[in-house]
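1. Structural data only, the sequence is not supplied:
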């Protein structure tokens, strides 16, 4: 240690420098460090506090989602949590609840939209989507936006709704802040990457010396279907509800669980994990000439060997170099060619030597099939019941079968083990027991309404219940007939109207019965009833809604546009709910 660490040039008198050197010169490293900190603390205590720059309020972000199965909503929730950490104040908006006029006042807009079926908007979002695509949509000058599209490459119109929204927002004057990403069924990773990158583009940039308010989410995290892993169940009953003379086969399955049943509610569904038909697996292996035990197992249990998509054809052409498949794609005719065909048709029609890796590349993971739960735990305890109709049809000269329905109807037997996963439904649920309900469910669409009636019976619901059911023939296809008769007798069901399309000279469906009963139907709705529709999305659900609009127009003497707005109001009140497929 230097005997004189304080130089003579220090701003002290000579006698003070000598005094300081006698203390500091012999001090240890630890002592000198303590003294330095002590003196710094004295300075800080004496200093006048400087006013800090006020924190910047969190910038608003609107996250608009259009969802059918809940995936878009789940991703929107994930985006909201991430946004808060970046100094944004997110607001989640279901497209079903969208106030079109509010879009003009938004500065930052993130859209996560699913496409349902062959290019349709999710059922809950149909009206708002139509408005946004119409002349009623406002100018979006100054709005920064980005779109994430969810879809299924099994359908030709892959991600059609997300693509259309992306174009429309730009047409209305919005500024695209991030490129759209189109996601297939395996959306988790690309969606997470898109959310992260897009939020960085939308987030405010801190000014030097300024902080920002971070929104904290204190709401308890809700369980989602992703949190509820698959479980095994045993088939306790396997009963064909159609008569032996019916041309349909609809099976009632009763599933028993090793422990407690998944905590399902009326309106929820179960994902059924099915195996492919062994005959279909054999046909694919024969067409390719491949013999591989591991491949056979994957084709049987894990890979989708029926779906034929444009993406699969593109992969087939790219990996094999098949000239004619390339020509078909380049000509634009592939979209029409794949209609009604499956993977086996591609392999047989355009044969070429395939490796195991090439065959795997043109397939995708075998997804589970969701079925509405046809029971209420209040009545069946730790069981879950499903109602599954065999899908069989001819197309392009070949007999076809539904993967999951064929598995459940033809190959499952009493005592078999199956894997299922709960798919909760937020939007298809019973109202307060005092409310009246109207249920429209032809064919297997009646499944959730069996659960509804069981639950309301157990709850002693005061509200009335009205069921519309339809199928082909009264004698052979009246599903759960005795149960409905018992429900009418004990008051769990207030009234029931049926339509059997093949029993008369003219075909009558549930919408015809709704029209016949239109005055009572409108009266129930005017008094607060909730209307539920379950079943076919392509025709039935659209016909039912169109019939309701006509009924409102006729009963209330309204113009068609006014009747349409009246039905939209019922939808906005969440009293018109659909579970369609």
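-> Okay, I see it. Note that the structure is a prediction, hence the values are computed from the model and not measured.

2. okay, now the domains of the protein?
-> Segmentation of the chain into domains, based on automatic domain parsing, reads 1-50, 59-202, 230-274+368-423, 279-365, 437-580.

3. can I get those domains in TSV with mean pLDDT and distance to residue 431?
-> In this view, the C-beta of every residue, glycine as well, is placed from N, C-alpha and C. As requested, these are exported to TSV (pLDDT from 0 to 100; distance: least, CB to CB, whole Å):
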stretch	mean pLDDT	distance to residue 431
domain 1-50	70	58
domain 59-202	94	16
domain 230-274+368-423	96	11
domain 279-365	96	37
domain 437-580	97	5
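
4. Need the ones you listed in TSV (columns: mean neighbour count).
-> Formatted as TSV, those follow (neighbours: other CB atoms under 10 Å):
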stretch	mean neighbour count
domain 1-50	11
domain 59-202	19
domain 230-274+368-423	18
domain 279-365	17
domain 437-580	19
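
5. for those domains, which one sits closest to residue 429?
-> Evaluated with CB to CB, the domains of the chain place domain 230-274+368-423 nearest to residue 429, the distance being 4.5 Å.

6. can you tell me the distance between the two ends of that closest one?
-> Its first and final residues considered, domain 230-274+368-423 spans 10 Å by CA to CA, to the nearest Å.

7. Not counting its neighbours along the chain, what's nearest residue 80?
-> residue 90 (4.0 Å; CB to CB, 6 or more residues apart in numbering).

8. Could you measure from that neighbour over to residue 150?
-> From residue 90 across to residue 150, the span is 19 Å (CB to CB, to the nearest Å).

9. Next: residue 377.
-> Look at residue 377 and residue 150: by CB to CB, they are 31 Å apart.

10. cool, and residue 554?
-> Between residue 554 and residue 150 the distance is 38 Å, computed by CB to CB.

11. what does residue 401 give?
-> Per CB to CB, residue 401 is found 27 Å from residue 150.

12. The nearest residue to residue 391 once chain neighbours are set aside: what's it in contact with?
-> Among residues not flanking residue 391 along the chain, residue 402 sits closest, at 3.1 Å (CB to CB, 6+ apart). Counting by CB atoms under 8 Å, 6 or more residues apart in numbering, residue 402 touches 369, 390, 391, 392.

13. Touching, the last one and residue 409? I think so.
-> Which is residue 392. No: judged on CB atoms under 8 Å, residue 392 makes no contact with residue 409 at a distance of 9.3 Å.

14. Where do the helices of the stretch 251-400 of the chain begin and end?
-> Secondary structure of the stretch 251-400 of the chain, counting by DSSP state H, counting those that start in this stretch: helices at 278-288, 293-301, 310-320, 323-331, 334-337, 343-349, 356-361, 377-380.

15. Would you map the strands across the stretch 451-581 of the chain?
-> 465-471, 495-500, 530-535, 576-580 (DSSP state E, counting those that start in this stretch).

16. How about the stretch 101-250 of the chain?
-> 108-114, 144-150, 175-176, 181-183, 231-240, 250-257.

17. so which of those strands gets nearest residue 502?
-> With respect to residue 502, and counting by CB to CB, the nearest of these is strand 250-257 at 15.1 Å.

18. Which strands or helices does the closest one pack on?
-> Judged by 3 or more CB pairs under 8 Å, 6 or more residues apart in numbering; DSSP states H and E, strand 250-257 is in contact with strand 231-240, strand 383-389.

19. Now render the ones you listed as CSV, adding distance to residue 187.
-> Output for the helices and strands packed on strand 250-257, formatted as CSV (distance: least, CB to CB, whole Å):
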stretch, distance to residue 187
strand 231-240, 24
strand 383-389, 26
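
20. between these, which gets nearest to residue 576?
-> strand 383-389 (23.0 Å).

21. Now do that closest one against strand 250-257: the angle between them, please.
-> 160 degrees (axes from the mean of the first three to the mean of the last three CA atoms, to 10 degrees).

22. And for strand 383-389, what's in contact with it?
-> 233, 236, 241, 248-257, 261-262, 264, 270, 272, 371-375, 404-405, 408-409, 420, 443-444, 446-447, 450, 479.

23. now do stretch 317-332
-> So stretch 317-332 is contacted by 310, 313-314, 316, 334, 337, 346, 350, 352, 354, 358, 361-362 (CB under 8 Å, 6+ apart).

24. from the chain's centre, how far out does that stretch sit?
-> Here stretch 317-332 is found 33 Å from its chain centre; the criterion is CA atoms, centre = their mean, to the nearest Å.

25. again, but for stretch 276-291
-> Mean C-alpha position of stretch 276-291 versus that of the full chain (CA atoms, centre = their mean) differs by 32 Å.

26. which other residues reach it?
-> With CB under 8 Å, 6+ apart as the test, stretch 276-291 has contacts from 295-296, 299-301, 303, 305-306, 343-344, 347-348, 351, 353-354, 356, 359, 366, 401, 403, 406-407, 411.

27. give me that answer again for 6 Å
-> Contacts to stretch 276-291, defined as CB atoms under 6 Å, 6 or more residues apart in numbering, come from residues 299, 300, 305, 344, 347, 348, 354, 359, 406.

28. Neighbours of the nearest residue to the last one once chain neighbours are set aside, how many?
-> Think residue 406. Excluding the flanking residues, the one nearest residue 406 by CB to CB, 6+ apart is residue 277, at 5.6 Å. By the criterion of other CB atoms under 10 Å, residue 277 has 19 neighbours.

29. Minimum distance to residue 15: which of the strands of the stretch 101-250 of the chain has it?
-> Among the strands of the stretch 101-250 of the chain, strand 108-114 sits nearest to residue 15 (CB to CB), with 67.4 Å.

30. got the angle for the closest one vs strand 144-150?
-> 10 degrees.

31. out of the helices and strands packed on strand 250-257, nearest to residue 59?
-> strand 231-240 (43.0 Å).

32. So what touches that closest one?
-> 249, 251-252, 254-257, 412, 414, 416-420.

33. if we go to 8 Å?
-> Here strand 231-240 makes contact (CB under 8 Å, 6+ apart) with 249-258, 262, 383-384, 412-421.

34. What pairs with it, parallel or antiparallel?
-> strand 250-257 (antiparallel), strand 417-423 (antiparallel) (DSSP bridges).

35. who touches the shortest one?
-> Spelled out, it's strand 417-423. 69-70, 225, 228-235, 255, 262-264, 268-273, 368, 370, 384, 412.

36. give me that answer again for 7 Å
-> Strand 417-423 has contacts (CB atoms under 7 Å, 6 or more residues apart in numbering) with 225, 228-235, 255, 262, 264, 268-273, 368, 370, 412.

37. pretty sure residue 334 contacts residue 314?
-> No: applying CB atoms under 7 Å as the test, residue 334 and residue 314 come out as separate, 8.4 Å apart.

38. quick check, distance from stretch 457-468 to the centre of its chain.
-> Relative to the centre of its chain, stretch 457-468 is centred 29 Å away, using CA atoms, centre = their mean.

39. What is the end-to-end distance of that stretch?
-> OK, stretch 457-468 end separation, CA to CA: 18 Å.

40. So what touches it?
-> Stretch 457-468 is contacted by residues 376, 378-379, 433-440, 449, 453, 456, 492-497, 510, 513-514, 524 when judged by CB under 7 Å, 6+ apart.
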